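Enquirer: give the three-dimensional model of this entry:
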Amino acid sequence: MSEEKPKVELKRSIGVLGLTGITMGGMIGSGIYVMIGQVTGYSGPIMWLLFLGSLFYCITEAMVYVEMACMYPNAASTFIYLREGLGAVSPAFAKMYSFAMVWATLLPLGTATLAMSGAAYVNAFIPVPIVPTAVGLVIICEVMSYIGIGESKNLGNIMTAIELGGVIMVIIIGAIWGKDQGNNYFMWPVQGLNGVILSLNLLFFTYAGYEGIGVWSEETIDPEKTIPRAALLAILIVGTVYTLMALMILRLDTWQNIGASGAPVVTAVVATLGPSMRLVFSFIGFCSIFNTLLFGIVGTATRYYAYAREGIFPKFLLKLDARTHRPIYAILLNTVAAIGVQFIGSIAFVSQAGTLAGTFNTGVVCIGLMLLRWKKPDMKRPYKVPGPHSIVNFMVVFCGVISWGVVGLLNVAYWVPYFGMYGSGAIIYWFLVRPREGKF
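Expert: Next up, the predicted model:
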C-alpha cells in the first residue's frame with residue numbers, strides 16, 4: 001500500500017512589516033524617479049497638491065482591494081474579484097470578463113519594460129548591450145523567485161530601504177541646501193484641466209503597487225488582519241514622503257527644468273549639489289527599478305500558479321518545489337515569456353496599454369464591490385471599508401468614475417491593443433473554454 005504524499009502548499013511567511021515592505025517596494029518603485037518630472041511638466045509647481053489629492057483616491061481604492069482580498073484571499077487576486085463581484089449579478093458575464101482580463105494582461109510587458117530600463121541604468125555605469133543585459137536581469141530575478149519568497153522579500157526590503165532612503169535624501173537636501181525658486185505653489189496648472197487629468201493618470205501609476213497586495217494573501221500570516229494593516233501603513237508612509245519630496249524638489253531647481261528632464265530627481269539634485277551626486281542617484285534609480293522588477297516577477301509566477309488552480313491555465317503549473325514551496329513550472333513559464341517579450345518592438349507603447357488595463361479594471365473592481373454589498377449584504381467580510389455606508393458608497397463610486405475618466409482621456413491608440421486582446425479573450429472563452437464548463 002503506497003503512502004500518500006504530503007500536500008505541498010505556498011508557504012505563509014509574510015508578516016505585517018514584511019508585507020508593508022513588499023507593498024512599499026512596489027509603490028515607490030521606478031515611478032517616482034521619472035513620473036515626478038512629467039507631472040511637473042503638466043501641472044507646474046502645484047503638482048505637490050496633486051500628489052496629496054491623489055493620496056485620497058489611492059487610500060480609498062486600496063481599501064476596496066483590501067476588502068476584496070480579505071473576502072477572497074486568493075493569489076489570483078483581480079481575476080477572483082472580478083469574477084465574484086460581477087458574478088453577484090451575472091455569473092456568465094463575470095466568468096467571460098474575468099477570463100478576458102487574464103488574456104488581455106497575459107504577457108509580462110511591464111516586466112520587459114522594467115528590465116530594459118534597468119539595463120539602461122547599468123549601461124550608464126558599464127557599456128553593455130541593452131537586450132542581453134535586460135535578459136540577465138530577468139534571469140536573476142527569476143532565480144530569486146525560485147529560491148523562495150523569504151529570500152526575495154529580504155532582498156526586496158533592502159532595495160526598498162535604498163529607494164526610500166533616496167526619497168528621504170531629496171527631502172533633506174531640499175530642506176537644508178534648497179532655496180526659493182520663485183514658485184507659486186498654488187498656481188493654476190500650466191496645462192489647465194487637461195494637465196490635471198494627465199497628471200492624475202501618472203500619479204495613479206506612481207502610487208501603484210498596493211492593488212496587487214492580494215497576490216501575497218496565500219503567503220501571508222493571518223491575511224485577514226495583516227493585509228489591511230500593511231496596505232494602510234504602506235500608503236500613509238509613501239504618500240507622506242511623496243508629498244514632502246514634491247515640495248522639496250521644487251527648492252532644488254526650477255519647475256521648468258524638472259518638468260523637462262527625463263531623470264528629474266538626478267537633474268534637481270545635481271543642480272544644487274553638483275555632478276558628484278549623479279552616480280549616487282543613478283544607483284538609487286537602478287535599485288528602484290530592480291526592486292519593482294523583482295516583486296513583479298515573483299508576483300506574476302504566483303498569479304500563473306493561481307490561474308492554473310482556477311482552471312484557466314494548464315494544471316502542470318500547479319507543481320510546487322518541495323523545498324522552496326514555489327511554483328517551479330510557473331516560474332519557468334514566466335521566465336520564457338519575460339525573456340521573449342524583450343525582443344518585441346514598441347514595448348513601451350504596449351506597456352502603456354497594459355497600464356490602461358489596470359486603471360480600467362480598478363473601476364470594474366469598484367463596481368464589483370458595490371454589487372456584492374447590494375446582492376450579498378450578509379456575506380462574511382473579515383474587513384470592511386470603514387465609515388458611514390453612504391460615504392463609503394460615494395468614495396467607491398468616485399474611485400470608479402475617476403479611473404474610467406482617466407482612461408477616457410488617454411490616447412485612443414492605447415485602447416486598440418488592450419480592447420483587442422479583451423475581445424479575443426472573450427471569443428476564446430465563449431467558444432473554447434465555456435463548452436468545457438457546461439451550462440451556467
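Enquirer: among the helices and strands of the protein, which has the poorest mean pLDDT?
Expert: In the chain, no helix or strand scores lower on mean pLDDT, DSSP states H and E than helix 389-409, which sits at a mean of 67.
Enquirer: tell me the mean pLDDT over the very next helix or strand once past that one?
Expert: Note on helix 389-409: by DSSP states H and E, the next helix or strand toward the C-terminus is helix 412-428. The average pLDDT within helix 412-428 is 77.
Enquirer: before we move on, what about stretch 167-183?
Expert: With pLDDT averaged residue by residue, stretch 167-183 scores 92.
Enquirer: and that stretch, which residues are buried?
Expert: By 16 or more other Cβ atoms under 10 Å, the buried positions in stretch 167-183 come out as 167, 169, 170, 171, 173, 174, 178, 181, 183. Heads up, the C-betas are built off the backbone N, CA and C, glycines and all.
Enquirer: of the residues you listed, which pair is most distant in space?
Expert: 169 and 183 (20.9 Å; Cβ to Cβ).
Enquirer: what kind of secondary structure is residue 183 in?
Expert: coil (DSSP: H, G, I helix; E, B strand; the rest coil).
Enquirer: okay, it and residue 47: tell me how far apart.
Expert: Applying Cβ to Cβ, to the nearest Å, the value for residue 183 to residue 47 is 10 Å.
Enquirer: what residues are shared contacts of those two?
Expert: Contact criterion Cβ atoms under 8 Å, 6 or more residues apart in numbering; residues shared by residue 183 and residue 47: residue 255.
Enquirer: can you lay out the buried residues of stretch 167-183 as a markdown table showing secondary structure?
Expert: Listed next are the buried residues of stretch 167-183 as a markdown table, based on three-state DSSP:
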| residue | secondary structure |
| --- | --- |
| 167 | helix |
| 169 | helix |
| 170 | helix |
| 171 | helix |
| 173 | helix |
| 174 | helix |
| 178 | coil |
| 181 | coil |
| 183 | coil |
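Enquirer: of these, closest to residue 320?
Expert: Nearest to residue 320 among the buried residues of stretch 167-183, with distances taken as Cβ to Cβ, is residue 167, at 36.5 Å.
Enquirer: isn't that closest one right up against residue 243?
Expert: No - when contacts are counted by Cβ atoms under 8 Å, residue 167 is not listed as touching residue 243 (10.9 Å).
Enquirer: can you report how many residues lie near residue 88?
Expert: Per other Cβ atoms under 10 Å, the neighbour tally for residue 88 reads 18.
Enquirer: can you tell me which residues contact residue 84?
Expert: 71, 72, 94, 368, 372.
Enquirer: who's in contact with residue 14?
Expert: By Cβ under 8 Å, 6+ apart, the contact set of residue 14 is 22, 149, 153, 216, 219, 220, 221, 226.
Enquirer: let's go with 7 Å and repeat that
Expert: 153, 216, 219, 220, 221 (Cβ atoms under 7 Å, 6 or more residues apart in numbering).
Enquirer: mind giving me the ChimeraX command for buried ones among those residues?
Expert: With 16+ other Cβ under 10 Å as the criterion, this ChimeraX line picks the buried residues out of the contacts of residue 14:
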select :153,216,219,220
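Enquirer: which one of the contacts of residue 14 sits closest to residue 136?
Expert: residue 153 (22.1 Å).
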